[in-house]
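Colleague: sequence and predicted structure, then a few things I'm wondering about:
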Amino acid sequence: MRPDDYTPELWSRLSAVQTDIQADVKKQGELLSLTLVGCQIEDGQRSSLYLLDFKNVKALQRFALDEHSKMARMQPEGGERKPDAPDKAPRF
């Protein structure tokens with residue numbers, strides 16, 4: 001995670017919990033694939049919905065970029081733990 005990739009507002013919220021975010025992502029296991037599900041423009045921001053297929057979970061995540069192509073919003077939109085995932089994997 002690099003500060004220059006985010007809007008100052010989002011980075012100020014994420015930087016405080018960056019270690020926790022990285023630990024949670026690590027529990028999801030290796031990222032196997034990333035599939036674009038849809039795109040739209042909301043309030044001047046380009047928004048993309050992705051299906052993230054990790055070793056232990058599948059999750060839908062929305063990412064919104066501002067007019068400078070900086071990450072302005074990241075929003076989980078659902079997910080499921082895979083049946084063979086270890087107990088430490090996140091539950092939805």
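Modeller: Cool, got the structure. Numbers count the residues shown, from 1 in each chain.
Colleague: tell me, what residue is most central in this structure?
Modeller: Nearest residue to the geometric centre of the chain (C-alpha atoms, centre = their mean): residue 61, 5.1 Å.
Colleague: helix/strand/coil for residue 86?
Modeller: Secondary structure state of residue 86, per DSSP: H, G, I helix; E, B strand; the rest coil, is coil.
Colleague: low-confidence ranges in the protein?
Modeller: 88-92 (pLDDT under 70).
Colleague: quick one, strands of it?
Modeller: Ranges of strands in the chain, per DSSP state E, are 31-42, 45-54, 57-65, 71-81.
Colleague: quick one: closest of these to residue 15.
Modeller: Comparing these against residue 15 with C-beta to C-beta, the closest turns out to be strand 71-81 (12.6 Å). (C-beta placed from N, C-alpha, C; glycine too.)
Colleague: report all helices and strands that that closest one contacts.
Modeller: helix 8-15, strand 45-54, strand 57-65 (3 or more C-beta pairs under 8 Å, 6 or more residues apart in numbering; DSSP states H and E).
Colleague: send me it as PDB with only the CA atoms.
Modeller: Below are the C-alpha coordinates for strand 71-81, written out as PDB (Å, rounded to 0.1, in the frame of the first residue of the first chain):
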ATOM      1  CA  MET A  71      -8.300   5.200  -5.000                       C
ATOM      2  CA  ALA A  72     -11.200   7.100  -3.300                       C
ATOM      3  CA  ARG A  73     -13.200   4.200  -2.000                       C
ATOM      4  CA  MET A  74     -13.000   0.500  -1.300                       C
ATOM      5  CA  GLN A  75     -16.100  -1.300  -0.300                       C
ATOM      6  CA  PRO A  76     -16.700  -5.000   0.200                       C
ATOM      7  CA  GLU A  77     -19.900  -6.200  -1.300                       C
ATOM      8  CA  GLY A  78     -20.100  -9.700  -0.100                       C
ATOM      9  CA  GLY A  79     -18.100 -12.900  -0.100                       C
ATOM     10  CA  GLU A  80     -18.000 -16.500   1.100                       C
ATOM     11  CA  ARG A  81     -15.500 -18.700   2.800                       C
END
